[in-house]
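# Dropping the sequence and predicted coords here.
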Amino acid sequence: MMDDLWKDRLIFEYWAHGASIIPLADFNYYLPLINNYPWGNKRLSAMEEKYKHTIQKVYERIEKEGPLKSSDFKSDKGKRGDGWWEWKPAKTALEILYWKGKLMVDRREKFQKVYDITSRVLPEKMNLEVPPEKKIGNFFTEKALSNLGIAELPDIYNYIRAVPREILQDSIDQMLKRGKVVELKIPGNTKTYFCLTENINENTTIYSSAQLNIINPFDNFVINRNRLKTWFDFEYQLECYLLEKKRKFGYFALPLFYQNKFVGRMDCKVFRKKKTLMIRQLSFEKKCKPGHRFINTFRHELRNFADFNNCKNIEINSVKPVKYKKAIITEIGRIL
């Protein structure tokens, strides 16, 4: 399905609130973001200056040879530093050209970006006119509120910094007057939040109180870490970017949301050849005491999660606190 969307030029890839796949119909709204690179970031400016000769050579090679991947360029061996694999010069050049809009992702091959010249990726005779700022402000205000549910002004601005903050404030004011947006107040919280009027009823029933949700770390519900701390007293960090010795909950721990609160996180890995879902570490929050009802619900959702990943088997390595391991293993044993 995704390959067809790439082929039919219905989507494009760019950095929005994060690495994103975006409908090509929305491309023009992202032009200010692309045109404003490096977004006032001195580190990116210095990087572009450092690799300017490589950038030119990489661009010329793709222009001549057609779509290429990072692996198509020779490089020095990677060096490890600060929890990241340092990019080779060609990879850095590719990403800078991509951020600047000189290159686009033509498609992906086994998760690798395949880059090509922007004019060859976009449909012929595509209108590249930048919409008026007010229209862009309305677009991203609605986009942020649609994806975040409720948000205060800084949340909306930081979601995708395509226009100045005052433009977004004007968009909100106009939407409030038209009744498209409503203000919300949270008891005990002095901040003002906004919500799309059409979503006001939906936001009260996003998650059933009896349901356990295994959440993607990039889900809009958890992507704003400050909101998680303020609203749920839940401190969350995706630790795949950290050195292994600094990880507390695992490489890719998924938050667990149950009865309107975060109760833990689950670091897991799929072994596709063995069709096995391995839970490397299941960690519960200090305030969570998983009883029979929770464990039964967890068993059901874990089976669904395993099926979604085409896994017949489930293995559990570690449970923290360890005193809950026996009850969890016993219950999970019913679905193995």
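Sure thing, it's come through.
# Show me where the stretch 201-336 of the chain has its strands.
For the stretch 201-336 of the chain, strands defined by DSSP state E, counting those that start in this stretch occupy the ranges 212-214, 253-258, 261-271, 276-284, 313-316, 319-320.
# now for the shortest one, which elements pack on it?
Packing partners of strand 319-320 (3 or more Cβ pairs under 8 Å, 6 or more residues apart in numbering; DSSP states H and E): strand 276-284, helix 325-332. In this view, the C-beta of every residue, glycine as well, is placed from N, C-alpha and C.
# Let me have these in CSV, adding distance to residue 227, mean pLDDT and mean neighbour count as columns.
Compiled in CSV, the helices and strands packed on strand 319-320 are given as follows (distance: least, Cβ to Cβ, whole Å; pLDDT from 0 to 100; neighbours: other Cβ atoms under 10 Å):
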stretch, distance to residue 227, mean pLDDT, mean neighbour count
strand 276-284, 21, 96, 20
helix 325-332, 29, 83, 15
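# Residue 106 is nearest to which of those?
Residue 106 sits nearest to strand 276-284 of all those, at 33.2 Å, using Cβ to Cβ.
# Okay, now the sheet partners of the closest one, with direction.
If you go by DSSP bridges, strand 276-284 pairs up with strand 261-271 (antiparallel), strand 313-316 (parallel), strand 319-320 (parallel).
# thinking again about what came up before, so can I have JSON lines of the helices and strands packed on strand 319-320 showing distance to residue 120?
Listed next are those as JSON lines, based on distance: least, Cβ to Cβ, whole Å:
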{"stretch": "strand 276-284", "distance to residue 120": "41"}
{"stretch": "helix 325-332", "distance to residue 120": "51"}
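# between those, which one is nearest to residue 296?
Smallest distance to residue 296 across these (Cβ to Cβ): 6.8 Å, for helix 325-332.
# What's the separation between residue 290 and residue 327?
With distances taken as Cβ to Cβ, to the nearest Å, residue 290 is found 7 Å from residue 327.
# what sits in contact with each of these two?
Here residue 290 and residue 327 have no joint contacts, going by Cβ atoms under 8 Å, 6 or more residues apart in numbering.
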